[in-house]
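Participant: here is my input, please return the structure:
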Amino acid sequence: MNSFCIYIFQVSLVFSVFYMLYVLLFCKLTFHSVNRTVLLLLLPLSLLLPLSQNWFPKLQQFTVEIPFVADFTTLTNTVTFSEETLSSAPSPIDYSIWIFGIYAIGVLLCLIRFARTTFRLIQLRNNAKKVVSNGVTVYMSETPEVFSYFHWIFIPTTKTLPFDELIITHEKAHVQQWHSFDVLFAELFIAFCWFHPLVYMYRKSLKSVHEFQADAFVIDQNIKKSTYLELLLQSLEPKNTNPVYSYFSHPTLKKRIEMITKSQSKNSFKLTYVLLIPVIVLVCIAFRSADIDTSVHPEFSQEATVVNGSPSISPILKKDVKRISSTFGVQRKHPKLKNTQKHSGIDMVAAIGTPIMATADGVITKATLEGNWGNLIVISHADGFETWYAHLKEFNVETQATVTKGDIIGYVGTTGLSTGPHLHYEVRQDGKPLDPMKYIAN
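Facilitator: Model prediction:
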């Protein structure tokens, strides 16, 4: 749930970056076909770039050296909260469920509205009178304005035959250039990001480009600009227009007149669009998580002692581990509690349901829901060793059960105070936390 909410936020952020780039650099250029392509590309880019962290090689590692601290639980001039302390605190309310519920309702309402619009249009066509004017099939219907949708052109019943050829040519341009498919994709994206105010401005920009293309199509038919401009000026802006349809008398009439009378942009300005490439690369880099090699001072924890009770394998198969999101000993700001604390284990990011294995022979001393730990398993091993496995989705063992190294004891989840699917894994000896990475065979 949290991961999806974060993804939606990332999509809206990427969309904002690219749309503002379009508004600032491209929207006033007369390359209407290119602008249409750019606007359409914004949608898949916004949806896919947040997922780009697994597409490219990881960034170069950098090292953060953690200074020696004499006592694990005492930091000079720093208040440290251990996970034992956190577990005793009351679990916070999971607002992500409420946020997702509100979001889902918004998506559903947008889709219902779009479905109703399409249904009413089909009813309008079924009740319309089919007429052929200048070799073009149109539908005479009870509508206040001329508009088109997919391959249908609707004409008000108040219009008299023959219809103005320039208006019909303009609507034919919308049909031939498949503008309604653009609107369909835009409406689905608006439903996906209905909470974002820029998506509604995006729809207006896309519709404006459609009108610019249709106007250019008419003028290219050896029509004088003055004749066409006179027709536009005689048109009244429609009232109660539907953003899904393509109207001849569009509310962007002023912008259309400005674009028709504007000088054509120089071809050299097309190089401006190359700026999209570095922006795409920068956004991809922004979603890459740099690997942080947190070099802990050797005196911070005991060296691994090779004894029979020590853990010796990874709790998750290495092929299933996406990354280590937080390493041992690093001082970090807790993503939810916002306080500073030293990490007493490692966080292994993996898909929900990934099997978790016992890393040494031992006895299950705890397998229960434990506050901020979520579903927690603690295994007691020989020589004073313990291993802790937190935030599990579910258990595969019970308390007091005996396990052998490699046995599946549970599955990766995101329970407790967790921001996403991962396993928090700890190794302790005589109650003192040790670096788990020293107990995972290469």
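
Participant: in the one helix or strand residue 207 maps to, what counts as buried?
Facilitator: Assigned by DSSP states H and E, residue 207 falls within helix 198-219. Buried positions in helix 198-219, judged by neighbour count with 16 or more other CB atoms under 10 Å: 199, 202-203, 205-215, 217-219. (Glycine included, C-beta is placed from N, CA and C.)

Participant: residue 275 contacts residue 22, correct?
Facilitator: No - taking contacts as CB atoms under 8 Å, residue 275 lies outside contact range of residue 22: 10.7 Å.

Participant: looking at those two now, which is surrounded by more residues?
Facilitator: residue 22 (18 against 12; other CB atoms under 10 Å).

Participant: can you list phi and psi of that one for me?
Facilitator: phi -60, psi -50 (degrees, to the nearest 10).

Participant: distance of the residue nearest to it when sequence neighbours are not counted relative to residue 392?
Facilitator: What sits nearest to residue 22 in space, not counting adjacent residues and going by CB to CB, 6 or more residues apart in numbering, is residue 38, at 6.0 Å. Distance of residue 38 to residue 392, computed by CB to CB, to the nearest Å: 46 Å.

Participant: so the two - more neighbours on which side?
Facilitator: Ranked by neighbour count (other CB under 10 Å), residue 38 and residue 392 place residue 392 first, with 25 against 21.

Participant: now the helix or strand hosting the more buried one, how far from the chain's geometric center?
Facilitator: Assigned by DSSP H and E, residue 392 belongs to strand 385-395. A distance of 30 Å separates the centroid of the chain from that of strand 385-395, by CA atoms, centre = their mean, to the nearest Å.

Participant: start the count at 104 instead of 1 going forward.
Facilitator: Noted, 104 is the first residue going forward, which turns the last one into strand 488-498.

Participant: direction included, what does it pair against?
Facilitator: Strand pairing for strand 488-498, using DSSP bridges, gives strand 478-483 (antiparallel), strand 511-515 (antiparallel), strand 525-532 (antiparallel).

Participant: quick one: contacts of the longest one?
Facilitator: Identification of contacts with strand 525-532 by CB atoms under 8 Å, 6 or more residues apart in numbering yields 186, 405, 408, 413-414, 418-419, 428, 447-453, 459, 462, 476, 486-495, 515, 517, 521, 536-539, 542.

Participant: for residue 458, give me its contacts.
Facilitator: So residue 458 contacts 419, 420, 423, 511, 514 (CB under 8 Å, 6+ apart).

Participant: what subset of those residues is buried?
Facilitator: 419, 514.

Participant: the closest residue to residue 507 other than its chain neighbours: neighbour count?
Facilitator: Nearest residue to residue 507 in three dimensions, chain neighbours excluded: residue 464, at 5.4 Å (CB to CB, 6+ apart). Residues lying near residue 464 (other CB under 10 Å) number 17.

Participant: pLDDT below threshold where in the stretch 354-503 of the chain?
Facilitator: 354-355, 391-411, 435-443 (pLDDT under 70).

Participant: for the stretch 204-353 of the chain, that is, sorry about that
Facilitator: Scanning the stretch 204-353 of the chain for pLDDT under 70 picks out 237, 262-266, 336-353.

Participant: now whatever helix or strand residue 241 lives in: buried residues?
Facilitator: Assigned by DSSP H and E, residue 241 belongs to strand 239-244. Within strand 239-244, the residues that qualify as buried are 241, 242, 243, 244, counting by 16+ other CB under 10 Å.

Participant: distance of residue 250 relative to residue 241?
Facilitator: Applying CB to CB, the value for residue 250 to residue 241 is 11 Å.

Participant: so where do the helices sit in the stretch 104-253 of the chain?
Facilitator: 105-124, 135-151, 186-191, 198-229 (DSSP state H, counting those that start in this stretch).

Participant: could you check the angle the last one makes with helix 105-124?
Facilitator: Which is helix 198-229. Calculated by axes from the mean of the first three to the mean of the last three CA atoms, to 10 degrees, helix 198-229 forms an angle of 60 degrees with helix 105-124.

Participant: next one: the second one
Facilitator: Counting by the same axes, to 10 degrees, helix 135-151 points 160 degrees away from the direction of helix 105-124.

Participant: domain map for this protein?
Facilitator: If you go by automatic domain parsing, the domain ranges for the chain are 105-160+196-384, 172-194+404-542.

Participant: so which of these is the most packed in?
Facilitator: Greatest average neighbour count among the domains of the chain goes to domain 172-194+404-542 (a mean of 17), per mean count of other CB atoms under 10 Å.

Participant: hang on, the earlier thing: return the member of the buried residues of strand 239-244 nearest to residue 223.
Facilitator: Using CB to CB, residue 244 comes nearest to residue 223 of the buried residues of strand 239-244, at 11.2 Å.

Participant: what's that closest one in contact with, if anything?
Facilitator: Counting by CB under 8 Å, 6+ apart, residue 244 makes contact with 227, 228, 230, 231, 232, 257, 258, 259, 260.

Participant: quick one: it from residue 279, how far?
Facilitator: Using CB to CB, residue 244 is found at 21 Å from residue 279.
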